Structure formats: C-alpha cells, structure tokens
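In: can't give you the sequence, but here's the structure:
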C-alpha cells in the first residue's frame, strides 16, 4: 500500500508541476514585485540624475506612467517598488541581456541591429534629427541651409555624418566632446548650429539659461524611441505596447511632451497620435 | 477460468500460513482477527468494517474502486487535453488566426487609397497607365476593402483601448476621405503631367499626413495587438496540450499499474492464472493511452507548425507587402509634392529598410547593399528586416527559392527607383516602376501562399487527428470500466 501511495503522490506531484508550468513565466516583468528601469543620467529634459540622486525628465515620466498603467491593469502588484538606474548608451543591450534592468526608457532608438539582441516595445515617440540655432538666427530653415555653416560635431556621434556624408551638404565641422559643450559653443557664437535628435535639442533649449536657443523643426530622419526589454519577454513587451496605446489615447504622453519641451520651438502637434509599433517578436 | 476452487478461507497453505499480504497491503493482515496495529493507535475510533480493509472482499472492492477512479481521472485528463487541442486548432486555424491576417489587409487598403489619390493628382486628365479613371476605380476598391477589414478589426477588438482605436480609425478615415475628395476635385482639370495645382497638393498634404501619422500606425498596431492575442491563446493551448499529454502518461501508468496489481492480487488470492476481462481492460487501456499520446503529440506539433511556420510568416509577409505598397506610394508623393520631397525620400528609405535591412544612411548606399544581398542569397543571408526574419526561418527549399525570387524582384524594383529619382518623370513611375512593383508584389504573394498552404495543411492534419475522439474516448472508457466489473464481480460473488 505504501508503494502505491507513493506512486499516487508522485502522479499528483507530476500533475501539479505540469499545471504550474502553463501559467507563470518568471522571466517576464509582468507580475514582478520590484522593477529596475534604466534611464539616461545626463540628458536634460529626457533623463537627468539630480544632486539628490532623483531622476527626472520625459523618459522618466513615461516610464512611471507605463508602470502606473501596468498596475492599473493588474499586471504589476499595487505595491511594486521601482528603482531607476543609469543606462549609458554603450551599455544598454548588455544591461538588458544580463537582466540587470527590467526595461530601458532612455532615448533608445529602435534599429534592426539592436533588435537582434533585445526587443522593443513602442516606439513611444518618433524623434527626428533636427537643428538647434540661436533665437535670432533666421537663415537656417532646413538641412540644406546648413551648407557652408559651422556645425558642431560630437566625437563618437554620427549626426554630422548624416548631414555631410549621407546628404552631401558641405558643412564646417567643429569638434566637441559632448552636446553640452556644443550648446556652450552655440551660445558663444563658436558654431552656427547643433544637430541631433529633436528631443535632445529641445531638452537643452528648455533649460532656463538656454532660452535664447530654438529648435528649427527641420526633421530629416526618423529615430524611433522604443522601450528596450529582454528579447524573450514578449508578454512584458506587449503589455508595455498596450500601456503606450492608452497613454496616447488619454493624452498623457502629449501632455508630458508639452511639460518638458513646450516653448522650445519644437513642433509637438504631430506627436498626438500613437506611433506605429515595432512589434514584439 | 471460473472453475470452482477452494474458498479463500480454506487456503491454509504450508508456505503461506497467514496469507502473506501482497506487497502493498495495509498494515493489518486481513485474515488476522486481532489487528496488531491496534496497540499503536488505541485511541482512534473504530473505522467502519469496510474501510479497514480487513477482509479480502473489502480489499478487492477498495482496489477496484481505486482503479475505476483512476480510469475515470484518465478519461478526464485525456478529454481535457484533446479539448484544449481542438480549441487551439480552432482559434489559430478557423477563427482569430485568419481574421488577424485579414485585418492586416486594412493597412494595405489604407495605404493603397493614399497611393491612388497621389496618382490621381499626378495624372490630372492625362491618359497614362489606365489614367484617372483606373486610379479612381482602385481608390474606390481599396476604400471598400478598408471598410471590410475595419469591420473585422472591430469584431476582434477585445478591450477598451482596441475598441477606441477602431473608433478613431473610423473617424479618421472619414476625415481622410473628405480631404482626399477635395484634393481630387481640385485636380480634375487640364495640366501638365505631374504638375498638379498647389491648392490640390496642399489639401493632399494634409490628407497624407493624417494617413501617415495617425491612420496607418493605428491600423498596424491593431493587427499587432490582435496577433498578440492569438500568440497568447496559442501558448496557453499549446502548453495545456503538452501538460495534458504528460498527465495522460502519468495517470496512464498509474492506472495500468493498478489494473495489473488487481490482476496479480486476484491471481494470487484465487489461484487463477489470468482474468480475461481484466486482461482485456488492460490491453484496451494500454492501446488507448498509446493512441492518445500519439494524438496529442501530433495535434501539438500541428499547432506549432501552423503558428510558427504558417501564421507568423503570413502575418509578417502581409505587413511587408503593405509597407512595400506604401513605399510605392511614397514614390508618387515624392514626384507630386516637391516641398515635402525630402520627407518622402526619407520615409521611403525607412520603409525599405524595414522590409530588407542593410546598413545604409542614404538611398544610394541602400541600392548597393540590396543588390549585393540579392546576389548572395540564399548562399548568404546577412540582412535583417522582414526578409531577414523570413530567411532565418526558411528551412525548406520551396520557401528559400520563393524568397530568393522575391528579393531578386525587390532589387529590380529598387533599381527602377534609382532611375526614377534621377529622371523624376511621372511616365517612368506609371510604366516601368509600376511594372517592376507588380512583379515584386506577385513574388511576395507567391511566397505568402507557401506559408498559407503549410498553415492549412497543419490545421487540417490537426483536425484529422482529433476527429472522432469525442466518441472513441468515452466508448473505450465505458468498455474498460465494464470489463473491470465483469472481471471482479465473480470473485466477490464467491464470498456471498
């Protein structure tokens, strides 16, 4: 009899184990008790770590709104703890693959190469390469007007190549170490224009002491900002897509864009409808 | 077999004086009048006689009952697993799956409407490539198709956000039609080919912006969303079937063990070699478990093939086709609206790269990278995008050949695009470019058709596997239970 009981017990165990396997997927962000979200630490307007260690910016607010929606939809526990951490551009794929962060909202462009390593929910915003000039500079309206001008060229960025090499517009590149340095040079009349993603430019222009700068709305590329997530977490990716859809439908994302980038000259009228998603698989 | 034998009470064999309990007997030997266990559990209330299994008939009854319960449980898990398989096949193969693919047509229809309006403006009253009437006919056709696909999408929308998207699409579509109608009206006059009046172009600019920034993304996301519902159902049903199969194996082994145990016990107790009814029940059950396992394996595999080799590719390729069509429309818009030409060239490149990605910052580099990819495939496939994903899963020759042909024709189309941008001539667009696009589109449809066949075959095979089981399973189980009773009853009768 004991042997039989053992056998029956084994059967029950096997069935229970089999039953459990069907439901939960422990590798998804859905249902996690605590989340780590990667954001930029040094991008004013998008993701900036303040002196007290608190992160702020459009990306940070979008991340919070996504978490809020997931909680409301019952996909995250009400008392989920959220921690933000630095996600520098060069480490983003690594952070996701090693599961050091659960997802990344850090002006992270969706590209086919990156998609071989990570998955993307969204885009939550389609950024465009754009041009930042001094308020009184009226001669630059589109990318062709950069011909013969001094354009800031940041080491390790291909923004100037996109103007010079890809579009064949002859510019005078002025090397700089960072975009912050470019902004200083622009204010000091050492360059005529700075060109990179519109939100990055608008983030700088929105700072109180940069009010004499404005975004031109030249828009000559599409940079689709996605929410990076582990490649196998299709469930989490689809849940975030649903969140982004709702955040556009209820006007949250347009409102956040206005909060962070309003008054910089950046045209936000075209960003009121949800962008075309990349798809999670 | 039912020859009268000495009753169990008289079996005082020299080598088994106290009727040795079977290996798994309860602690109290049935023939012993005073259970030795009593001393260990003095305070427990006495159990009813039958439950204490002290006598041989009580044990036989208990064992039989346990066996029948196991048989019924086996019936339950097998039934559920087959039901899960049928449901999975139904959702992927008959209802949601094909419907999701149909909503993919929404994007195609919408982008084709937009292309035809651009063509109408380019043409004016000039008669080239079918002329205004033909473009108008295609516009109407696509509008009807969009309406149909939108109804499908409304039917599939299963939460508030999706329903709202459908509603926004309906509203947006009527706004688009209004703008398009104005633009077309303003262009209904004599002018040089490609030189539409500014008023018409301005109106069209607003229409196509609405299409590009609002309607097309929403249509695309709707298909993605309902596709993700199918994925979820598939994963639930597929793992339910696999777990069900495991449950059938485990319960099958347990039940067969009980049946064999009963057989052995009776043989030992009643000095019979075989109980034919129980033997028949055992054989029937063995066959049943074997067949059920095979069937569930086959149904799970059919579901997998239908989903991964059929549905996924059908959906991805229908997206590639829709995006290609809207790329073709960007060529018209590029020629029509010189002010926005840079934007249309840019979105053209972005779309081209989502179809087949090769690193390129401008169209010229792209044409070169694409030609190289087309030359090398199928020997080498280092490109990404929709065709890259397709190349990755193309493991049979049919698909590889069809994909190679598609990429070759896609390259042909792009080489025409290079010439079009050099010439800037509307005639070129309406004749050579349109011709190459049709060739490419046909090849893409052929490739999709291969996946459609794989999909249909897998679904049909899955249905064939589960067909008839709703009768065979309960029938066999009823027969097995009857056989168990037939086998056990005469033994119990001996005690009356």
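Out: That came through fine. Nothing here was measured: the structure is a model prediction, and the numbers come from that model.

In: Please enumerate the strands of the stretch 1-150 of chain A.
Out: Taking DSSP state E, counting those that start in this stretch, the strands of the stretch 1-150 of chain A run over residues A:34-39, A:42-43, A:47-49, A:55-56, A:81-86, A:103-104, A:119-127, A:129-134, A:150-154.

In: Now render those as JSON lines, adding mean pLDDT and mean neighbour count.
Out: C-beta: built from backbone N, CA, C; applies to glycine. Output for the strands of the stretch 1-150 of chain A, formatted as JSON lines (pLDDT from 0 to 100; neighbours: other C-beta atoms under 10 Å in any protein chain shown):
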{"stretch": "strand A:34-39", "mean pLDDT": "96", "mean neighbour count": "21"}
{"stretch": "strand A:42-43", "mean pLDDT": "90", "mean neighbour count": "18"}
{"stretch": "strand A:47-49", "mean pLDDT": "94", "mean neighbour count": "22"}
{"stretch": "strand A:55-56", "mean pLDDT": "96", "mean neighbour count": "19"}
{"stretch": "strand A:81-86", "mean pLDDT": "95", "mean neighbour count": "15"}
{"stretch": "strand A:103-104", "mean pLDDT": "96", "mean neighbour count": "28"}
{"stretch": "strand A:119-127", "mean pLDDT": "95", "mean neighbour count": "25"}
{"stretch": "strand A:129-134", "mean pLDDT": "93", "mean neighbour count": "25"}
{"stretch": "strand A:150-154", "mean pLDDT": "92", "mean neighbour count": "22"}
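
In: Of the ones you listed, which is nearest chain B?
Out: Comparing those against chain B with C-beta to the nearest C-beta, the closest turns out to be strand A:119-127 (8.8 Å).

In: Just to check, residue A:148 is in contact with residue A:172?
Out: Yes - counting by C-beta atoms under 8 Å, residue A:148 does reach residue A:172; the two are 7.3 Å apart.

In: Could you list the low-pLDDT ranges of the chain?
Out: In the absence of a named chain, chain A is used. Along chain A, segments meeting pLDDT under 70 span A:1-26.

In: Chain B, not that one
Out: Residue ranges of chain B with pLDDT under 70: B:1-53, B:496.

In: Spell out for me which residue occupies the centre of it.
Out: The centre of chain B sits closest to residue B:307, judged by C-alpha atoms, centre = their mean, with a distance of 3.5 Å.

In: out of everything not next to it in sequence, what's closest to that one?
Out: Distances taken as C-beta to C-beta, 6 or more residues apart in numbering or on different chains place residue B:234 nearest to residue B:307, at 4.9 Å, with adjacent residues excluded.

In: Then residue A:166?
Out: residue B:361 (3.7 Å).

In: what does residue A:113 give?
Out: residue B:384 (7.3 Å).

In: The one you found bridge partners, please.
Out: Judged by DSSP bridges, the bridge partners of residue B:384 are residue B:357.

In: Next, the contact list for it, please.
Out: By C-beta atoms under 8 Å, 6 or more residues apart in numbering or on different chains, the residues touching residue B:384 are A:112-113, A:115-116, B:356-358.

In: Now, of the residues you listed, which are buried?
Out: Of the members of those, the ones counted as buried by neighbours, 16 or more other C-beta atoms under 10 Å in any protein chain shown, are A:112, A:115, B:356-358.

In: What is the nearest of these to residue B:484?
Out: residue A:115 (58.5 Å; C-beta to C-beta).

In: re the thing from before, mind putting the strands of the stretch 1-150 of chain A into CSV with distance to residue B:446?
Out: As requested, the strands of the stretch 1-150 of chain A are exported to CSV (distance: least, C-beta to C-beta, whole Å):
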stretch, distance to residue B:446
strand A:34-39, 44
strand A:42-43, 47
strand A:47-49, 47
strand A:55-56, 52
strand A:81-86, 49
strand A:103-104, 39
strand A:119-127, 30
strand A:129-134, 38
strand A:150-154, 47
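
In: Relative to residue A:264, which of those is closest?
Out: So among the strands of the stretch 1-150 of chain A, strand A:129-134 is nearest, using C-beta to C-beta, at 8.9 Å.

In: The nearest residue to residue A:164 once chain neighbours are set aside: neighbouring residues, count only.
Out: In this structure, residue A:164 finds its nearest non-sequential neighbour in residue A:171, 5.4 Å apart by C-beta to C-beta, 6+ apart. Residue A:171 has 21 neighbours, counted by other C-beta atoms under 10 Å in any protein chain shown.

In: what's near enough to touch residue A:171?
Out: Here residue A:171 is in contact with A:146-151, A:160, A:163-164 (C-beta under 8 Å, 6+ apart).

In: which two in the residues you listed are spaced the farthest apart?
Out: Going by C-beta to C-beta, the pair spanning those furthest: A:148 and A:160, at 14.2 Å.

In: Pretty sure the residue nearest to residue B:307 sits in a helix.
Out: Yes - applying DSSP: H, G, I helix; E, B strand; the rest coil, one finds residue B:234 inside a helix.

In: could you pull out the helices for chain A?
Out: A:2-23, A:58-72, A:92-97, A:112-115, A:159-164, A:179-187, A:198-205, A:234-249, A:252-261 (DSSP state H).

In: which of these sits most buried?
Out: helix A:198-205 (a mean of 27; mean count of other C-beta atoms under 10 Å in any protein chain shown).

In: show me what contacts the closest residue in space to residue B:330 that isn't next to it in sequence?
Out: Distances taken as C-beta to C-beta, 6+ apart put residue B:348 closest to residue B:330, at 4.2 Å, once the chain neighbours are dropped. By C-beta under 8 Å, 6+ apart, the contact list for residue B:348 reads B:327, B:330-331, B:334, B:363, B:417.

In: With residue A:179 instead?
Out: So residue A:179 contacts A:152, A:154, A:157, A:194, A:196, A:200, A:204 (C-beta under 8 Å, 6+ apart).

In: same check, this time on residue B:437
Out: B:324, B:328, B:413.

In: next one: whichever strand or helix holds it to chain centre, how far?
Out: Using DSSP states H and E, residue B:437 maps to helix B:434-466. On the basis of C-alpha atoms, centre = their mean, to the nearest Å, helix B:434-466 sits 15 Å off its chain's mean C-alpha point.

In: cool, stretch B:419-426 as well?
Out: 44 Å.

In: can you pull the buried residues of stretch A:262-281?
Out: In stretch A:262-281, counting by 16+ other C-beta under 10 Å, buried: A:264-266, A:271, A:273-281.
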